[in-house]
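# what's the 3D shape of this:
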Amino acid sequence: MTSLTFLCPFPPVLDVVPLMARLYPNGPADINHFQAAGGVPVLVRELLKAGLLHEDVNTVAGFGLSRYTLEPWLNNGELDWREGAEKSLDNNVIASFEQPFSHHGGTKVLSGNLGRAVMKTSAVPVENQVIEAPAVVFESQHDVMPAFEAGLLDRDCVVVVRHQGPKANGMPELT
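Numbers count the residues shown, from 1 in each chain. You can find the predicted model right below:
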């Protein structure tokens, strides 16, 4: 039996910074919806206001993270900067720090007898966040699709593709 449990590599960060954006895969919105809801200026402003970002740092945009609360725009054909939105323009896409989608960050590290992996927990329903199932091991990603098409994976199982992962070539999408 294969088992995976959640470990948190950055407890101070992931337990303090809430889930404040609902973008694919943890929500239906895409980057265009995010931008229309206020984008980076809203998130940075919320995190600065909550004391979770340090203002006194140099950035590529200049000194201080508050520079990221500004948005670019064309002023008579010239690039200029103005204050971004003060708060979310769509609470279904960007939530406030006080009323986040989740009070904990949406990323955890899985660790078990298969090894370690990073998982975006905000994209997985709570009832699916504990996995105990037999491992089905494949030598290459090309062996997975025929097994899937033959119905061999239509059961509780953990698909393992050997020689993949952070020390190899990452986890490319199965094609």
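# Could you use CA atoms for every contact and neighbour count after this?
OK.
# Dihedrals phi and psi, the residue of the chain most remote from its centre?
Taking CA atoms, centre = their mean, the residue of the chain most remote from its mean C-alpha position is residue 76, at 37.4 Å. Backbone dihedrals for residue 76, given as degrees, to the nearest 10, come out at phi 50, psi 40.
# Tell me the spacing between it and residue 158.
According to CA to CA, to the nearest Å, residue 76 and residue 158 sit 57 Å apart.
# Likewise for residue 86?
Remark: distance between residue 86 and residue 158 (CA to CA) = 44 Å.
# neighbour count winner among those two?
For the pair residue 86 and residue 158, the greater number of neighbours falls to residue 158 (19 against 13), based on other CA atoms under 10 Å.
# Once you drop chain neighbours, what's closest to that one?
Nearest residue to residue 158, sequence neighbours excluded (CA to CA, 6 or more residues apart in numbering): residue 135, at 4.7 Å.
# What pLDDT is listed against the one you found?
Looking at residue 135, its pLDDT stands at 90.
# cool, residue 162 as well?
83.
# List phi and psi for the residue sitting nearest the centre point of the chain.
By CA atoms, centre = their mean, the chain has its centre lying nearest to residue 120, at 5.5 Å. With angles defined as degrees, to the nearest 10, residue 120 sits at phi -90, psi 90.
# any idea how far the residue nearest to it when sequence neighbours are not counted is from residue 75?
Leaving aside its chain neighbours, residue 120 sits nearest to residue 107 (4.5 Å; criterion: CA to CA, 6+ apart). Between residue 107 and residue 75 the computed distance is 40 Å (CA to CA).
# higher neighbour count, these two?
More neighbours surround residue 107 than the other of residue 107 and residue 75, with 20 against 10 (other CA under 10 Å).
# Distance check, the closest residue to residue 37 other than its chain neighbours against residue 70.
Nearest residue to residue 37 in three dimensions, chain neighbours excluded: residue 89, at 4.4 Å (CA to CA, 6+ apart). Separation of residue 89 from residue 70 (CA to CA) stands at 15 Å.
# from what I can see residue 138 touches residue 145, true?
No: shown here, residue 138 and residue 145 do not form a contact pair, counting by CA atoms under 8 Å, at 10.3 Å.
# Phi and psi next, for residue 48.
Dihedral pair for residue 48: phi -60, psi -50, per degrees, to the nearest 10.
# Is it in contact with residue 55, as I believe?
Yes: using CA under 8 Å, residue 48 is in contact with residue 55, at 7.1 Å.
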